[in-house]
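**Q** Turn this into a model:
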Amino acid sequence: MHQLIASPYNGTFLITRPGSESGMRISRTLYEELASTAESSSPLPAWLLEHARTAWSVDLAGAVMRDAVLVRPGTGLGYGRATYEINKGCNFNCEHCYLAERKFEGLPWPDKVRLLHRGTAPRAFGVTPR
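**A** Predicted coordinates:
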């Protein structure tokens, strides 16, 4: 299992650790550096070793790229691997539903559209190398 995941996300580039809520935002240049060696037996870059120790208290010295870092490619349409809950309630009014009637609530449609177009990055990305 990979120790870290590097991924494009809504015009930014992030590194996360499975099971952790924290992560780091990196530059396109650093992401491309990782992507260019993703399937190799190259050691992890020094900057990544340092920031992995800072962000997650993990020592990856001696690890090789293909085993330690999963580098996800960008998608053709720019989709990220995350979802947002922007409403509460059910859009259906099924007669057979056993749940109590729920008032459909949440953001008004224009605000939902604004959030979808905004593409807010996930929380807890505190370390920003270079």
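**Q** give me the element Ile5 is part of.
**A** Assigning secondary structure by DSSP states H and E places Ile5 in strand 4-9.
**Q** whoops, Ala38 was the one
**A** For Ala38, no secondary-structure element claims it when assigned by DSSP H and E, so it is in no helix or strand.
**Q** can you count the residues close to it?
**A** The local packing count at Ala38 equals 16, with neighbours defined by other CB atoms under 10 Å. C-beta: built from backbone N, CA, C; applies to glycine.
**Q** Let me see the contact set for it.
**A** Ala38 makes contact with Met65, Arg66, Val69, Leu70, Val71 under the criterion CB atoms under 8 Å, 6 or more residues apart in numbering.
**Q** that older thread, the strand holding Ile5 packs against which elements?
**A** Secondary-structure packing of strand 4-9 (3 or more CB pairs under 8 Å, 6 or more residues apart in numbering; DSSP states H and E): strand 12-16, helix 28-36, strand 69-71.
**Q** Nearest to Ala52, out of these?
**A** strand 12-16 (8.3 Å; CB to CB).
**Q** Could you check how far the closest residue to Val71 other than its chain neighbours is from Gln3?
**A** Leaving aside its chain neighbours, Val71 sits nearest to Ala38 (3.8 Å; criterion: CB to CB, 6 or more residues apart in numbering). For Ala38, the distance to Gln3 equals 13 Å [CB to CB, to the nearest Å].
**Q** which neighbours do those two share?
**A** Taking CB under 8 Å, 6+ apart as the contact criterion, the common neighbours of Ala38 and Gln3 are Val69.
**Q** In this structure, where is pLDDT below threshold?
**A** Applying pLDDT under 70 to the chain flags residues 77-107, 118-130.
**Q** can you give me the strands for it?
**A** With DSSP state E as the criterion, the chain has strands at 4-9, 12-16, 23-26, 69-71, 87-88, 105-106, 125-127.
**Q** Mean neighbour count and distance to Leu48 for the ones you listed - can I get that in TSV?
**A** Supplementary listing: the strands of the chain in TSV, determined by neighbours: other CB atoms under 10 Å; distance: least, CB to CB, whole Å:
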stretch	mean neighbour count	distance to Leu48
strand 4-9	21	8
strand 12-16	21	8
strand 23-26	22	9
strand 69-71	21	8
strand 87-88	12	38
strand 105-106	10	39
strand 125-127	15	11
